[in-house]
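Undergrad: When you get a sec, could you give me coordinates for this:
(2 chains)
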Amino acid sequence: MLVTAPSATASRPKVSIRGAAKQFGKMVALQGVDLELQENSFTCLLGPSGCGKSTLLNMIAGFAEPSAGQVLVDGLPVKGPSADRGVVFQEYALFPWRTALDNVAFGPMLKGRGKAEQQEIARRYLALVGLAGHEAKYPGNLSGGMKQRVAIARALANDPSVLLMDEPFGALDAQTRETLQEELLRIWEQDRKTVVFVTHSISEAIFLADRIVVMATRPGAVKEVFDVEIPRPRERSDPEFVRLEREIKLLVRAEVQKLGVI
Amino acid sequence: MSATTLTPDMAAAERPPSPWPRRLADAGMRCLAILIFIAIWSVVSLGNQYLWKFFNPLLLPTPIDVVRAGIEAVQTGELQANIVASMRRVIQGFGIAAIAGIVVGLAVGTWRPLEKLVEPMIELLRPIPPLAFLPMMVLWFGIGEMSKIAFIAYAAFFPVFTTTVEGIKFVDPVLVRAASSLGASRMDLFRHVILPAATPSIITGLRLGFGLSFFVIVAAEFIAADSGLGYMINDARTFFLVSQMLLGAVVIGLIGFVVNILLRGVEGWLLRWRVATRG
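TA: Predicted coordinates:
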């Protein structure tokens, strides 16, 4: 099921993707995607590289335009990036010439907040991601996990209604990765943004998401959508977790095989 | 970054500055190298004068002679006047080059149509040694200050311009994306992302340009000047005052050395975030 039936409360979808496709020259990166993401939901786009999951995220972010179809946020077509859709990148994308505090204060600064207010907001969000006391450090002096914490704080400090995360924990080691997954859920439960999270880790997707969109390769498309109903906090050894993991693994493996030798 | 951070407190390595004894040893080695150089110079000069008499001793005075010439030139006030004259030209010419190089570089780097127009012109002029234009500059701007300032400005423009354009071209696109997803307008992007990201490159260009200014002012003062360190050297040549010629060279070297230290200090301060990244 790609389109969720309107519930009794009939909440309007936060993000609607209608027949969105993306072509780069002759290469079809993404074909006819239809998705509706409810407000305050946590969606994972899952698939091997080349399935167009980052392309889809970039279209929601406004970095790329669909070649066909539409991407709507709050019912309005996306026209370029906006402060209402925060993005967290795999490469952290911190400004190396700004301290952790000034990185987080970037959004409030652009909004023309006073210096004191900027700093106050930045301090609050750095504390939220567990980096109180590291305000004056430059990104060059932070570890990968800490950089990504700063990047998350920076996106949240702008108070966007949608948070887009493009394999944010992909470059981190296994332990840091799991810690940050837990922290991300803790933060998300306090202040439920609509999250779209791109990953190729099945266990990461099951651990985090309300909904997992498994993507197909060649061409990129939506293959299957899973609603994860395991109550949080989820245990990776939980039988339902393991069963879902196995089911998705088979799906993803079939997609990887389409790519041939990798 | 290898640190496996479970908690953010397990901070990434913050390198302590190199310990004092090692720095002292480094400085000692440098001084020793300079002393050895002066010793070789003295030996060649004095040895030639008194022992093997290979060439006219007037051609290579001893370091002491040069120092003596320096003291004399300071006492007459000639040396200070010449330093001031040269520095004034360098600062004015370099100032023009820096402003023009950065402004044109920023414009060309951010606006593609302009790049297509300007780049070929620059590429045409750049391989020509600036010195080739010196006689023309004298014709155009006369033998006064103007020709020298214009000449320095012309020569120093290229490194500043080129590094500014390069700096802008190599701004990490993901930083631009990050800023625009935080709500940055085109103007914000320029001011808060492109400019700071290009700063290291621009500073390198300024240092190169300043070095070049110094390089060409001496040549300019050989040709048409009645003051300045280049004039001092050339004037000494006419009177066969080799110590004074060497004095001019030594003073230029010393000024270059001091200025480079100052510029590196400014660079280190402006790019203090980058120091943290090193190592």
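Undergrad: quick one: average pLDDT of stretch A:157-169?
TA: On average, the pLDDT along stretch A:157-169 is 95.
Undergrad: Is chain B within reach of that stretch?
TA: Yes. Judged by C-beta under 8 Å from any C-beta of the partner chain, stretch A:157-169 and chain B are in contact via A:N158, A:L164. All C-beta atoms are positioned from the backbone trio N, CA, C, and that covers glycine.
Undergrad: Show me which positions of that stretch end up buried.
TA: A:A157, A:N158, A:D159, A:P160, A:V162, A:L163, A:L164, A:M165, A:D166, A:E167, A:P168, A:F169 (16 or more other C-beta atoms under 10 Å in any protein chain shown).
Undergrad: So what does the nearest residue to the fourth one once chain neighbours are set aside have for phi and psi?
TA: So the one you mean is A:P160. The shortest distance from A:P160 to any non-neighbouring residue, by C-beta to C-beta, 6 or more residues apart in numbering or on different chains, is to A:G86 (3.7 Å). Per-residue torsions, A:G86: phi -80, psi 150 (degrees, to the nearest 10).
Undergrad: and what of A:A221?
TA: Here A:A221 shows phi and psi, under degrees, to the nearest 10, equal to phi -160, psi 170.
Undergrad: my guess is it contacts A:Q31, does it?
TA: Yes. At 4.7 Å, A:A221 counts as touching A:Q31 under the criterion of C-beta atoms under 8 Å.
Undergrad: picking up where we left off before, between the buried residues of stretch A:157-169, which is nearest chain B?
TA: A:N158 (5.5 Å; C-beta to the nearest C-beta).
Undergrad: So B:A73 is in contact with B:G248, correct?
TA: No. The pair B:A73 and B:G248 does not pass the contact test of C-beta under 8 Å, sitting 9.3 Å apart.
Undergrad: From chain B, how far out is A:L251?
TA: 30 Å (C-beta to the nearest C-beta, to the nearest Å).
Undergrad: Check A:K53 too.
TA: 17 Å.
Undergrad: quick one on the thing from earlier: of all pairs in the buried residues of stretch A:157-169, which one is the farthest apart?
TA: A:D159 and A:E167 (23.4 Å; C-beta to C-beta).
Undergrad: picking that back up, now, which of the buried residues of stretch A:157-169 lie within helices?
TA: Counting by DSSP state H, the part of the buried residues of stretch A:157-169 found in helices is A:A157.
Undergrad: any chance of the buried residues of stretch A:157-169 in a markdown table, with distance to A:F226 too?
TA: Shown next, in a markdown table, are the buried residues of stretch A:157-169 (distance: C-beta to C-beta, whole Å):
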| residue | distance to A:F226 |
| --- | --- |
| A:A157 | 32 |
| A:N158 | 30 |
| A:D159 | 30 |
| A:P160 | 26 |
| A:V162 | 21 |
| A:L163 | 21 |
| A:L164 | 20 |
| A:M165 | 19 |
| A:D166 | 21 |
| A:E167 | 19 |
| A:P168 | 21 |
| A:F169 | 20 |
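Undergrad: and the most centrally placed residue in chain B, what is it in contact with?
TA: Centroid-nearest residue in chain B: B:G211, 2.3 Å away (criterion: C-alpha atoms, centre = their mean). Shown in contact with B:G211 (C-beta atoms under 8 Å, 6 or more residues apart in numbering or on different chains): B:G256, B:N260.
Undergrad: Where does it fall, secondary structure wise?
TA: helix B:195-223 (DSSP states H and E).
Undergrad: Likewise for B:G253?
TA: Per DSSP H and E: helix B:242-270 holds B:G253.
Undergrad: elements contacting that helix?
TA: Helix B:242-270 sits against helix B:63-76, helix B:78-110, helix B:195-223, helix B:229-238, with contacts defined as 3 or more C-beta pairs under 8 Å, 6 or more residues apart in numbering or on different chains; DSSP states H and E.
Undergrad: Which of these sits closest to A:G145?
TA: That would be helix B:195-223 among the helices and strands packed on helix B:242-270, by C-beta to C-beta, at 24.1 Å.
Undergrad: That closest one relative to helix B:242-270, how many degrees between them?
TA: Here helix B:195-223 runs at an angle of 170 degrees relative to helix B:242-270 (axes from the mean of the first three to the mean of the last three C-alpha atoms, to 10 degrees).
Undergrad: May I see the buried residues of helix B:195-223?
TA: Applying 16+ other C-beta under 10 Å to helix B:195-223 flags B:195-218, B:220-223 as buried.
Undergrad: need the helices for chain A, in chain order.
TA: A:53-61, A:100-104, A:106-110, A:115-128, A:144-157, A:174-190, A:202-208, A:239-258.
Undergrad: Among the ones you listed, which comes closest to B:G95?
TA: So among those, helix A:100-104 is nearest, using C-beta to C-beta, at 30.6 Å.
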